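Asks: next come a sequence and a model predicted from it.
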Amino acid sequence: MTQRPPDRVLGVGMVFPCRIGFLPLELHIRQDVVVDFEVETDWRAAAALDAPDGLVDYAEVHRRLGARIAAGRWQLIERLAEDLAEEILRGFPVSAVRIRVTKHPLDLPRVGAVAVECTRRHADLADR
């Protein structure tokens with residue numbers, strides 16, 4: 001029997017002011033980070049009823065990620081990506097999440113952006 005591929009929900013280009021970085025010029029400022037997410041979920045029941053119950057609410061994802069970013073401080077975008085992945089896994093009906101965090105490096109003026117990306121599942125939360 002063939003396994004059915006998961007349904008996916010994506011959020012692209014969410015911009016948040018963030019306290020991030022470890023260079024002296026980054027320690028007292030907020031820099032914009034761009035967050036993209038993709039989650040694996042199962043929306044068949046909600047789609048069949050044409051009703052939002054049990055779906056991933058992207059407005060709520062945006063609100064929670066924004067609140068998490070506003071409340072924190074990170075040295076590394078890698079750690080930020082891990083924390084945001086955990087926020088989505090713990091708060092929404094998803095089996096997996098892919099997070100990409102992009103920022104413009106202040107110390108590299110000729111580089112447009114740098115980004116990291118991680119994919120996490122619920123089993124990965126046991127390590128945290």
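Replies: Ah, there it is.

Asks: which strand residues bridge the closest residue to I77 other than its chain neighbours?
Replies: Nearest residue to I77, sequence neighbours excluded (C-beta to C-beta, 6 or more residues apart in numbering): V101, at 4.6 Å. (C-beta placed from N, C-alpha, C; glycine too.) Beta bridges link V101 to V35, V116 when assigned by DSSP bridges.

Asks: what's the answer for P17, then?
Replies: D32.

Asks: confirm for me that T119 is in contact with V97.
Replies: Yes - applying C-beta atoms under 8 Å, one finds T119 in contact with V97, separated by 7.1 Å.

Asks: now for these two: what residues contact both?
Replies: Common neighbours of T119 and V97 are listed as A85 (criterion: C-beta atoms under 8 Å, 6 or more residues apart in numbering).

Asks: which of these two has more neighbours?
Replies: Ranked by neighbour count (other C-beta atoms under 10 Å), T119 and V97 place V97 first, with 26 against 12.

Asks: quick one: which helix or strand includes the more buried one?
Replies: If you go by DSSP states H and E, V97 is part of strand 96-103.

Asks: report the distance from the lowest-mean-pLDDT helix or strand in the chain to the chain centre.
Replies: Among the helical and strand segments of the chain, the one scoring lowest on mean pLDDT, DSSP states H and E is helix 44-49, with a mean of 91. When distances are taken as C-alpha atoms, centre = their mean, to the nearest Å, helix 44-49 is centred 25 Å away from the chain's centroid.
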